[in-house]
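Visitor: kindly return the folded structure for what I paste below:
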Amino acid sequence: MPAPRPDPDELEALGGRLLVAAPQLTDPNFTRTVVLLLEHGAAGAVGLVLNRPMHVEVAEILDQWAELAGRSAPGVMFSGGPVSPDAVIGLGRPDPVTAPAQWRGVVEEAAVVDLSVPPQEQPVPLDAVRLFSGYAGWGETQLEQELAENAWFVFDAMPGDVFATAPERLWHDVLQRQGGTLAMLASYPPSPSVN
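Guide: Modelled structure (predicted):
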């Protein structure tokens, strides 16, 4: 018998929040990842892994976006997740001087960018972009099941998370700033047997 479907009115929408992989999550696609959820609802969820920079220059994939990507170190492509790795999703940070007051992103500092529109023609002037190859996706109730299994922690995103200049430290840094027991998990060894 299939699992009962959650009532959409009872489902907490987590879009714009961070999923931080618990140390026991050993799926190599998500071990020690920090995922920004772009969308979450009864049909499933979509997010981007924020802490997996690749050794691929943006100019090799989308040359017209290289200059804006270079404004936020490390300025390379990121692996956004295992789904559709040939697709590229961009998150843009608005120019603080010229962005309209009503600008609204996924989080305070970032919105999904239509990469088919050239940078100079974007409806909101951009200060920087970060480009992701692929994305993370969950089907109906899949993320809820993983949350019930304690595979993920859910935290509010902070300014600076999306465009972290040391993304490889983001998993540690997000856990560390929670304090208490969660801060101690930030020092959890990648393999407990190597402790």
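Visitor: switch to C-alpha atoms for all contacts and neighbour counts from now on
Guide: Will do.
Visitor: distance of the most centrally placed residue in the chain relative to Ala101?
Guide: Centroid check for the chain by C-alpha atoms, centre = their mean gives Leu36 as the closest residue, at 3.0 Å. In this structure, Leu36 and Ala101 are separated by 23 Å, where distance is defined by C-alpha to C-alpha, to the nearest Å.
Visitor: next one: Asp156
Guide: Using C-alpha to C-alpha, one obtains 22 Å as the distance from Asp156 to Ala101.
Visitor: which of those two has more neighbours?
Guide: Looking at Asp156 and Ala101 with other C-alpha atoms under 10 Å, you find the greater number of neighbours at Asp156, namely 13 against 7.
Visitor: contacting residues around the more buried one?
Guide: Listed by C-alpha atoms under 8 Å, 6 or more residues apart in numbering, the contact partners of Asp156 are 16-18.
Visitor: okay, and the beta partners of it?
Guide: Beta-bridge partners of Asp156, counted by DSSP bridges, are Arg17.
Visitor: how about Ile89?
Guide: Beta-bridge partners of Ile89, counted by DSSP bridges, are Phe132.
Visitor: ok, the closest residue to Val46 other than its chain neighbours - contacts?
Guide: On the basis of C-alpha to C-alpha, 6 or more residues apart in numbering, the spatially nearest residue to Val46 that is not a chain neighbour turns out to be Gly137, at 4.6 Å. With contact taken as C-alpha under 8 Å, 6+ apart, Gly137 is in contact with 44-47, 81, 83.
Visitor: return the closest of the contacts of Asp156 with respect to Ala128.
Guide: When the contacts of Asp156 are compared for distance to Ala128 (C-alpha to C-alpha), Gly16 wins out at 18.7 Å.
Visitor: correct me if wrong: the closest one contacts Ala157.
Guide: Yes: proximity of Gly16 to Ala157 meets the contact threshold set by C-alpha atoms under 8 Å, at 7.1 Å.
Visitor: now do the shared contacts for the two.
Guide: Taking C-alpha under 8 Å, 6+ apart as the criterion, Gly16 and Ala157 both touch 36, 107.
Visitor: got the buried residues for the worst-scoring helix or strand of the chain on mean pLDDT?
Guide: Least confident element among the helices and strands of the chain, by mean pLDDT, DSSP states H and E: helix 180-185 (a mean of 89). For helix 180-185, a neighbour-count test (16 or more other C-alpha atoms under 10 Å) marks 182-183 as buried.
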